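>>> could you work out the structure for the sequence below:
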Amino acid sequence: MATLAGIAMALAAVAMLQCLAGWLAVVLFAARPRRPGRLRPPITVLKPLYGDEPLLEQALETLCRQHYPVYQVVFGVQLASDPAAGVVRRLQSRFPGCDLKLVVDPTQHGRNRKVCNLINMLPLARHEVLVIADSDLHVAPDYLERLAAALEPPATGVATTLYIGLPATRAIPALLGATQITHSFLPGALLSRRLGRQDCLGATMALRRDTLRRIGGLEALVDHLADDNALGRLVQGVGLTVGLADTVPLTTVGETTIAELFRHELRWARTIRALAPLPFAASILQYPVFWALLAVLLTPLVAWTWIAVCIAWAIRAAAARGIDRALGRVVGMALPSPVLWLLPLRELMSVVVMIASYGGTWVEWRGVTLEADGPAQVPPVFGKDGTPG
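Coordinates of the predicted model:
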């Protein structure tokens, strides 16, 4: 047991270093100079909707308050009875000066209903630059300006953003979901970029129509559950890059029960595991408190393992606070302090979700059961010389 406890402690030490590296990556990202773009091309934002989610109207309202010269927002639902349609109509009444359109179209084009919705919405899009954005994003007034700046380099095919978890309530499930996004996913995404990955994050995807045509249109994404990953790889496949904008929206975390949160995170986990099995497995090394607690479980009477748990918890807490302070400078407001006593519970739940993800490839998404994309289904990335990259 002592040997196993020593291995667990070594892994805890690696996880602590990764936690500190993620904190540093966020600090460096927040410190980047925000260079203004030279151009402000007209933009159409495509917002596929489904149901009256928590804080939906507040999130959509932030798009109506953009400091951008010319833009249009196209909302889409698949049923006239969808309550999200009523939210859009209220916004059209409240913001008559905004170019807001609503599409109601049930046509199915493939297995991904979000992309089906986007295909139905696209004919109403008037502008050359398209921004595909999730319904639950709360964006800053300069969101479109920062996306336009990120998309400006000719080699950039799509611009994406990080995002911060915004709990809809102070309920424990919402807090757990938000801290997973802000303190694990976000720093992990930044570390991945520093290691050379160019992941396209589906909360925001901005691209030109010409780029969309070159990769085969939205129809090329319609049978992929991970449409964001497919879009990013297709863009890289035509020799373009995935840029990261220097704006960070907040995304609503509306789960009210642990079971609901577990199902949501299991969908994420199975999707990521299917697409990137080795990096997914390696992500177990980002949970220092879990590994230290495992050492305690193996050798409960050894004092140093308990000390290690306290050190791991302290590092995790310091990193969470530091990440929030750094991101607060980016979003222009102080973020709520993380609930530090929840961090060990958050790590344990994350590990349980990871283990459960190996139980199958099927996921539940908005009432529909789908199979996660496998590596053979993912579009290949080609280098500039035409060889797979």
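>>> all helices for this protein, in order.
Assigned by DSSP state H, the helices in the chain fall at 2-31, 56-61, 83-94, 113-121, 143-151, 172-180, 186-194, 209-214, 227-237, 258-275, 277-282, 288-298, 303-331, 343-357.
>>> quick one, which of these gets closest to Val74.
helix 113-121 (4.9 Å; CB to CB). Placement of C-beta: from N, CA and C, glycine included.
>>> for that closest one, packing partners?
strand 43-48, strand 71-77 (3 or more CB pairs under 8 Å, 6 or more residues apart in numbering; DSSP states H and E).
>>> which one of these lies closest to Leu301?
strand 43-48 (55.4 Å).
>>> flag every buried residue along that closest one.
Ile43, Thr44, Val45, Leu46, Lys47, Pro48 (16 or more other CB atoms under 10 Å).
>>> quickly run through the sheet partners of that strand, with directions.
Strand 43-48 has the following strand partners under DSSP bridges: strand 71-77 (parallel), strand 129-133 (parallel).
>>> okay, the angle between it and helix 113-121?
130 degrees (axes from the mean of the first three to the mean of the last three CA atoms, to 10 degrees).
>>> the inter-axis angle of strand 43-48 versus helix 83-94?
Going by the same axes, to 10 degrees, strand 43-48 makes 150 degrees with helix 83-94.
>>> circling back: need the helices of the chain in JSON lines with mean neighbour count and distance to Phe75, can you?
Below are those laid out as JSON lines (neighbours: other CB atoms under 10 Å; distance: least, CB to CB, whole Å):
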{"stretch": "helix 2-31", "mean neighbour count": "18", "distance to Phe75": "31"}
{"stretch": "helix 56-61", "mean neighbour count": "19", "distance to Phe75": "8"}
{"stretch": "helix 83-94", "mean neighbour count": "17", "distance to Phe75": "5"}
{"stretch": "helix 113-121", "mean neighbour count": "22", "distance to Phe75": "8"}
{"stretch": "helix 143-151", "mean neighbour count": "24", "distance to Phe75": "16"}
{"stretch": "helix 172-180", "mean neighbour count": "23", "distance to Phe75": "25"}
{"stretch": "helix 186-194", "mean neighbour count": "19", "distance to Phe75": "27"}
{"stretch": "helix 209-214", "mean neighbour count": "15", "distance to Phe75": "19"}
{"stretch": "helix 227-237", "mean neighbour count": "24", "distance to Phe75": "18"}
{"stretch": "helix 258-275", "mean neighbour count": "19", "distance to Phe75": "23"}
{"stretch": "helix 277-282", "mean neighbour count": "13", "distance to Phe75": "33"}
{"stretch": "helix 288-298", "mean neighbour count": "23", "distance to Phe75": "41"}
{"stretch": "helix 303-331", "mean neighbour count": "18", "distance to Phe75": "24"}
{"stretch": "helix 343-357", "mean neighbour count": "18", "distance to Phe75": "32"}
